[in-house]
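Visitor: fold the stuff below for me.
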Amino acid sequence: MLWCPNNGRERIAAVIDEAKKSLWLQNERYQDTVIVERIVRAVTRGVRVRIMARAPHKLSGKKLAEGIGGLRIMHDVGAKVHLLKGLKLHGKIVIADGTRAIVGSINLSPGSFDSRRELAIETKSKRVLKRLIEVSRRDWKNSRRIDLSDQGILADLEKHGSKDANLLALRP
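Guide: Okay, here's the model as predicted:
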């Protein structure tokens, strides 16, 4: 199907909405409220959701508040949220039920959906899916859970010298 400006959100939302058993997501940011809502709904209908994200200290300003908020909401309903160890996460992947995937340049943020030229490929190719699943499983094994508690976020931000912790409503 054709990807056009301003239809990326709808296309990714549709893949998330149609997932029945599992979702693997790799993305730097989870800031788009429509996508976060769809992921929450997937978890609540029983879909096993595994999210790979960037560390809190890699976000700044408005991106920090939106990004941490989205991750915490998804985590609170049962999504597993991890951080890739040893490599900078830059890939953008959505895999639904091992049968359908979207790979591209789209961050799950309003700017990527609304005001930038982004590219994505949607595939059902068994060969491509097999490889994407292998990579996702290997990445998951080489990852760790992100501590999204107030203390965990503050510790990460402080350890890396972030000055933006005041943008979050966190208790030390």
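Visitor: where do the helices sit along the protein?
Guide: 8-18, 33-44, 61-76, 110-114, 126-141, 150-159 (DSSP state H).
Visitor: lowest-confidence helix or strand of this structure?
Guide: Ranked by mean pLDDT, DSSP states H and E, the helix or strand of the chain with the weakest confidence is helix 110-114, at a mean of 85.
Visitor: that one - contacts with which helices or strands?
Guide: helix 8-18 (3 or more CB pairs under 8 Å, 6 or more residues apart in numbering; DSSP states H and E). Quick note: C-beta positions are derived from backbone N, CA and C, even for glycine.
Visitor: burial check on the closest residue to residue 17 other than its chain neighbours, number of neighbours?
Guide: With CB to CB, 6 or more residues apart in numbering as the criterion, residue 17 has its nearest non-adjacent residue at 5.9 Å, and that residue is residue 38. Counted with other CB atoms under 10 Å, the neighbours of residue 38 add up to 19.
Visitor: quick one: contacts for residue 38?
Guide: Counting by CB atoms under 8 Å, 6 or more residues apart in numbering, residue 38 makes contact with 13, 16, 17.
Visitor: any chance of the residues you listed in a markdown table, with distance to residue 85, neighbour count and pLDDT too?
Guide: Output for these, formatted as a markdown table (distance: CB to CB, whole Å; neighbours: other CB atoms under 10 Å; pLDDT from 0 to 100):
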| residue | distance to residue 85 | neighbour count | pLDDT |
| --- | --- | --- | --- |
| 13 | 30 | 17 | 96 |
| 16 | 26 | 23 | 98 |
| 17 | 31 | 13 | 98 |
